[in-house]
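Novice: Give me coordinates for this.
(chains A and B, ligands or ions: 3)
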Amino acid sequence: MISTTAIEHLKEKLGAQNVLYEKEDLLVLGYDSTPGVHHLPEVVVYPTSTEQVLAAMEIAQREGLPIVPRGSGTGLSGGSVPVQGGMVICLTRMNRILEIDEENLTATVEAGVVTLDLFNAVAAKGLFYPPDPGSQKISTLGGNVMENAGGLRGLKYGVTRDYVMALKCVLPDGSILTTGGKSVKDVAGYNFKDLLCGSEGTLGIITEITVKLIPPPKDKRTFLAYFNDMRTAGEAVSKIIAAKIIPSTMEIMDKATINCVEDYVKIGLPRQMAALLLIEVDGHPAMVAEEAEAVEKILREVNAAEVHVAKTAEEAASLAAARRTALSALARVSPTTLLEDATVPRSRLADTFDEIERLTEKYQLKVGTFGHAGDGNLHPTVLCDERNADEMQRAHAFYNELYEKVLAWGGTVSGEHGIGLAKKEYLARQIGPGGVAVMKRIKQSFDPKGLLNPGKIFDEGDPCSKPHVEEGFRVSH
Amino acid sequence: MSRTDDKDLKGNFKPQDAPHYDDVLQCMRCGFCLPTCPTYALTGRERSSPRGRVALARAVAEQKLEFTQAVKEESFFCLDCRACTTACPSGVRAGEVMEICRSQSHAFYPLGTAGKAFREFILQKMLPSPEKLETSMLPTRLYQRLGIQWLVRHSKVLKLGPGWMEKAEGMLPELDKPLRTQLPERIEAKGKKRGKVGFFLGCVMTLMYPGVSRQTVRVLVHQGFEVITPRNTKCCGAPHLSEGDRQTARELALFNLDLFLDQDVDYIVTDCAGCGASLKEYEELLEGQAEHAKLAKFRSKIRDITEFLAEVGLRTEGLKPVNKTVTYHEPCHLCHAQGVSAQPRKLLKQIPGVELREMAEASWCCGSAATWGLKYSEESQKVLDRKLGNVRATGAEALVTANPGCHLQLAWGVREAGMPQQVLHLMELLGEATPD
Ligand SMILES: Cc1cc2nc3c(=O)[nH]c(=O)nc-3n(C[C@H](O)[C@H](O)[C@H](O)COP(=O)(O)OP(=O)(O)OC[C@H]3O[C@@H](n4cnc5c(N)ncnc54)[C@H](O)[C@@H]3O)c2cc1C
Ligand code: SF4
Ligand code: SF4
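Specialist: Ligands and ions are numbered 1, 2, ... in the order given. As a prediction, the model looks like this:
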C-alpha cells in the first residue's frame, strides 16, 4: 500500500490535480484495450514535464512500487495494465508539440501528443508524418514508439521506428538518457533508439520524441476491390507485390468485418462480398497513373468481382476512416473481441486465409479477419463471449494452432501490437530460450530492480506476471 | 474468470432501472469516444470519459464497486450529449448508461426532504401540467416559480455556485405569451395538400420560444401540411430522464403516446431536438409497458422538423431570399441522439440567399445540456467559449441552431461575449423566407 506521505509528496511535486488515488480513478486506469486483463494500480500520476516524471519515479522507488507507463491505453496486448499494482504514470498531459523544424524536416513532441494531432500540425505546414495506426485519433506518440506501431500506410512508408530520430527517456535509476538527434546519420555506439522502440515501457519512460517528416505525396488514387473469396484477395495482394508495385495502403476486410463496419459507417460497403481490399497508390502523378493502371490490371487478372475507384479525396478519406473502425465495429457482434496480430511473409497470405478458415471451422468459432494485407499483417478476431469458458478455450486453441503455422512459415506472432501480457508464450516459441535470456539481460541492465512495467514481454517466473483477470474488490460508501 | 453467466447482471445496482449488463460489456475500450467527449476534454480524467464511465458501470454490475458517490457524480457530470454514441463503432451508448445511473443515484442517495420537495414540485407537478407551467409564466418570474430561487437558497442540494441565479435570469429571452393556448388545434394546409402532421409542441418552445414554433407551423402549412397540435400535449419527459426520474417520464410518455396515436396523423413533427430525441426513445423507455406494435408505430412517425422537410422535399418555389451568411450549430440531441446532421444543412442550402459557412466542430456541445450549464457553470463556460471561438472564426452574420436549450445558451453566450451574431432557430430563417 502506498503511504499517505508518499501521496502528499507526489501532490507536492506534481500538483494535486495530477495525482489520483480514488478507487474509481484506479479502476479506470487499470485496463487498456485488451480484453480480459485488468488490475488496479495504487496511484496514478499525470506528470507534465520530464522533471515530474523523474520525481514520480523517485517516489515510486522509495516506496518500492512497480511503475507502469501509460499513454491512452489503446494497446492491444495489455502493455499498460498494472498487473502488480503500483504507480501508473500516465503521459497524456504531456501533450505539447515542441517544435516543427522545417529546415531539418523533424518534429519534436512530448510523449503524450496524440498521433493525429501531430499529423495535422505538420500537414498544416505542408509536411507528412506517415505512421498511422488505426487508433491514431487516440493513441499517443509515446505509446506508438513503445509498441512500434504500424498502420494503414506501413506497407510503403514503414512503421513508427522508421521515423524516430531521437528520444528522451527517464531510466528507472533516475538517469536521463537522450539518444539520437536531428542528424540523419548516426552510428555512434549501440543503437539505443532502436532498442527502445518496441520495448513496451519496460526499459524507460519516454518523455520526448523527435520524428522525421517527409514531403507528402503529390497525388494518390484509392481503389476498392471486392472478391468472392478471401483466397483470391490474398492472391491479388501477393501478385501486386510480386509485380514490384508498393501501394501505400493495402488493407483487407472479410465479410464479417465488412458488415460490422457498414453497420456503423453506412457508406454502402458490399455486404454480400467475401472480401474487400482497400488499395491506395500515391506519389508523383505520373507514377501514380502507371501504378494504378498496373494494379487494376492485376485485379482484373485475378478476377476480382468488382473494382471501384474513389472519385474524390473525401471519399478516399472516408474509406480509410471506415477501415480504422474495423476492430471496434466487430465488437458490435459479440461482447468480447479477441484479436491477434499474426504476420506472415506476403507470399503466404492466401495460405493463411485458408488456414484461418479451416481453424474457424475446426473450433466452431465466429471469426472476423481484417488487417494490413500488404504487410502480411492480419488480425483474425474471434468474436466471443468472455462469460463462456468453453468458447474462450476454443478461441485460445484456435490461435495456438494458427501461430504454429505462422511460425513455421517464417512469420511472427506480432506485427505491431507487441507482446505485453497477451503473447508472452508465443514470443518464447518464436525466439526460443536463448532469445528470451538475452532480452532479460538487456532488461536487467536498464532496470536492475525490475520495477518498470513488470510482467510484460516475458515471464520472470513470478506468478503475479500471469495475466490477472479482473479480480474482485469491493469499495464501500 | 470470476464472472457469472448472468445475462443481465445487476450486481450492486438496484434491480429496477439498472443499465443492461450486455450494454456495458459491449465496450471494448478502444477509446474512439475519448476525443469527442467534452467532459474528458475538460478534465483529461479517464473516469470522466465515456470509456471510463462505462467501465464504472460495469464494475458496479460486477460487484467490484459499490454505487459510490463518485459514480453518482459522474452520472450527473456527463452532459448526456451523446457525442460518444456517434463516435462509438461498437454501438455503446455511454450517455444513456449514465442517464440510467442518474435514476439509480436517487435510489442510493435519497434527497433530503428539501431536495425531494423541490424535485417533486418541478418534475411531478409543474412539468407534467401545461396549465400550471403557463400560469407560472408571469414572464420574469419563470425561473423563480420553477423553483430556482428556492433552489439557490437550498443550494446544498445540488451544490450550485452563487453565480447561478444571475446566469439563469440573464439567459431568459424576452417572453411572449405561451403558444399552446393560442395555436388552433387544427390548421388547414396551403396549396396542394401533401399530408397531415401532428405537431409536438415542447414546453420550452411554447414558453420561451413561441415565435419559433409559430414559424414552424407556418412553414409546415405553407409546405402543404395540415397541422394538428393537440392542446393537452404533455412534457415529453426529457427533463425527467435527465434528472433521473424515470417513473414520471414513463407516465408522461404513456400519455403522449395515446394522445398522438389517436390523432390519425401521417407524421409527428417537433422543432425541439430534445423532445424529438426523447419521443424517439419512448420505444426503449416503455419497453414492456405498452404494446410493442403501438410503440413501433409511434416511433416510425416521429420526425424532427428539419429531418421531415428534407425527407418530404422542400417546396422552394415562391420562397423569398434571405440574404445572410449563417453558420450552423448542431444540437447534440439532433445530430448525436437522432443522427440528423445532413438534413438541416440541406435545408439551409435550399433557402435562397443563405450562404452556409461551416464552423469547426459543429457537433461539439455548446455546454447547455438541460440544467448542466447551471450546475457546472464554470465548466459550461469553457465548453461555450470553445463553441463561440468556432462561431467567431466563421464571421457569419447569423448562428443557426434547432433546439431551445442550445438557443438559450448560445444567445446568452453571444451577448455576453459582445459578438454580433444573431441566434436563430432554423425555422425562423425558413419562416423569414416563407411568404404569407
Ligand atoms: C481500434 C484500434 C486500432 C488499432 N490499430 C492499430 C494499428 O493499426 N497499428 C498498430 O500498430 N496498433 C494499433 N492499435 C494498437 C494501439 O493503438 C497501439 O499499440 C498504440 O501505439 C498504443 O498507444 P497508447 O498511447 O494507447 O499506449 P498504451 O496502450 O497506453 O501503452 C502501450 C505501451 O507503451 C507503454 N508506454 C506508453 N507510453 C509510454 C511512454 N511515454 N514511455 C514508456 N512507455 C510507454 C505502455 O507501458 C505500454 O506497454 C490499435 C488499437 C485499437 C484499439
Ligand atoms: S464506448 Fe465505444 S468508442 Fe468508447 S471505448 Fe467503448 S467501444 Fe470504444
Ligand atoms: S454523453 Fe457526452 S459528456 Fe457524456 S460521456 Fe458521452 S460524450 Fe461524454
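
Novice: Please compute how far the helix or strand where residue B:277 lies lies from its chain's middle.
Specialist: Here residue B:277, judged by DSSP states H and E, is contained in helix B:273-280. Mean-position distance between helix B:273-280 and its chain equals 6 Å (Cα atoms, centre = their mean, to the nearest Å).

Novice: just checking, residue A:98 is part of a strand?
Specialist: Yes: secondary structure of residue A:98 (DSSP: H, G, I helix; E, B strand; the rest coil): part of a strand.

Novice: tell me the contacts of the residue nearest to it when sequence neighbours are not counted?
Specialist: Taking Cβ to Cβ, 6 or more residues apart in numbering or on different chains, and ignoring the residues beside it in sequence, residue A:98 has residue A:108 as its nearest neighbour in space, at 4.5 Å. In short, each C-beta sits where N, CA and C put it, glycine included. For residue A:108, the residues meeting the contact criterion (Cβ atoms under 8 Å, 6 or more residues apart in numbering or on different chains) are A:97-99, A:101, A:166, A:208-211.

Novice: most surrounded residue in those residues?
Specialist: When neighbours are counted as other Cβ atoms under 10 Å in any protein chain shown, the busiest of the contacts of residue A:108 turns out to be residue A:209, with 27 neighbours.

Novice: my guess is residue A:328 contacts residue B:92, does it?
Specialist: No: Residue A:328 lies out of contact with residue B:92 (Cβ atoms under 8 Å); the separation is 9.2 Å.

Novice: how close does residue B:282 sit to residue B:265?
Specialist: As for residue B:282, its distance to residue B:265 is 16 Å (criterion: Cβ to Cβ, to the nearest Å).

Novice: more neighbours, those two?
Specialist: residue B:282 (25 against 20).

Novice: which one is the more buried one nearest to, not counting chain neighbours?
Specialist: Counting by Cβ to Cβ, 6+ apart, the residue nearest residue B:282 is residue B:253, at 4.8 Å.

Novice: Now do the one you found, the pLDDT please.
Specialist: The per-residue pLDDT reported for residue B:253 equals 95.

Novice: Same question for residue A:123.
Specialist: We have a pLDDT of 98 for residue A:123.

Novice: That one against residue A:216, yeah?
Specialist: Yes: in this structure, residue A:123 is within contact of residue A:216 by Cβ under 8 Å, at 7.3 Å.

Novice: where does the stretch 351-477 of chain A have low pLDDT?
Specialist: Within the stretch 351-477 of chain A, the segments meeting pLDDT under 70 span A:460-477.

Novice: what about 50?
Specialist: When the per-residue scores of the stretch 351-477 of chain A are filtered using pLDDT under 50, the ranges that remain are A:463-465, A:467-477.

Novice: avg pLDDT for the helix or strand that contains residue A:338?
Specialist: Residue A:338 is part of strand A:336-339, with elements assigned from DSSP H and E. Summarised as a single mean, pLDDT over strand A:336-339 is 92.

Novice: As CSV, could you dump the C-alpha coordinates of that strand?
Specialist: As requested, C-alpha coordinates have been extracted for strand A:336-339 and formatted as CSV (Å, rounded to 0.1, in the frame of the first residue of the first chain):
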residue,chain,number,x,y,z
THR,A,336,-15.7,-9.9,-26.4
THR,A,337,-13.3,-9.5,-29.3
LEU,A,338,-10.1,-11.4,-29.1
LEU,A,339,-7.8,-10.3,-31.7
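
Novice: tell me the domain ranges of the chain?
Specialist: All of this is about chain A. Taking automatic domain parsing as the criterion, chain A consists of the domains A:4-90, A:97-212, A:217-318, A:334-447.

Novice: right idea, wrong chain: chain B
Specialist: In terms of domains, chain B is parsed into B:3-108, B:113-170, B:186-311, B:318-433 (source: automatic domain parsing).

Novice: lowest-confidence stretch among those?
Specialist: For these, where the average pLDDT is lowest is domain B:113-170, sitting at a mean of 56.

Novice: in the stretch 251-400 of chain B, what residue is nearest ligand 2?
Specialist: Taking Cβ to the nearest ligand atom, ligand 2 has its nearest neighbour within the stretch 251-400 of chain B at residue B:336, 13.1 Å off.

Novice: Quick check: phi and psi at the residue nearest to that residue when sequence neighbours are not counted.
Specialist: Among residues not flanking residue B:336 along the chain, residue B:82 sits closest, at 3.6 Å (Cβ to Cβ, 6+ apart). Geometry field for residue B:82 lists phi and psi as phi 60, psi 10, criterion degrees, to the nearest 10.

Novice: Quick check: the gap between residue B:82 and chain A.
Specialist: Here the distance between residue B:82 and chain A works out to 15 Å (Cβ to the nearest Cβ, to the nearest Å).

Novice: just residue B:326 next, same as before
Specialist: Summarising the geometry, the distance separating residue B:326 from chain A, computed by Cβ to the nearest Cβ, is 23 Å.

Novice: Measure how buried that residue is and give me the count.
Specialist: For residue B:326, the neighbour count with other Cβ under 10 Å is 22.

Novice: what does the one 4 residues further on give?
Specialist: By other Cβ under 10 Å, 24 other residues sit near residue B:330.

Novice: cool, residue A:111 as well?
Specialist: Neighbour count of residue A:111, defined by other Cβ under 10 Å: 28.

Novice: Spit out the contact partners of it.
Specialist: Neighbouring residues of residue A:111 by Cβ under 8 Å, 6+ apart: A:71, A:91, A:94, A:140-142, A:145, A:205-209.

Novice: So which of those residues sit within strands?
Specialist: The strands, defined by DSSP state E, take in A:205-209 from those.

Novice: For these, could you give me a markdown table that also reports distance to ligand 3 and pLDDT?
Specialist: Written out in a markdown table, the entries for the ones in strands among the contacts of residue A:111 read as follows (distance: Cβ to the nearest ligand atom, whole Å; pLDDT from 0 to 100):
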| residue | distance to ligand 3 | pLDDT |
| --- | --- | --- |
| A:205 | 29 | 98 |
| A:206 | 29 | 98 |
| A:207 | 29 | 98 |
| A:208 | 30 | 98 |
| A:209 | 29 | 98 |
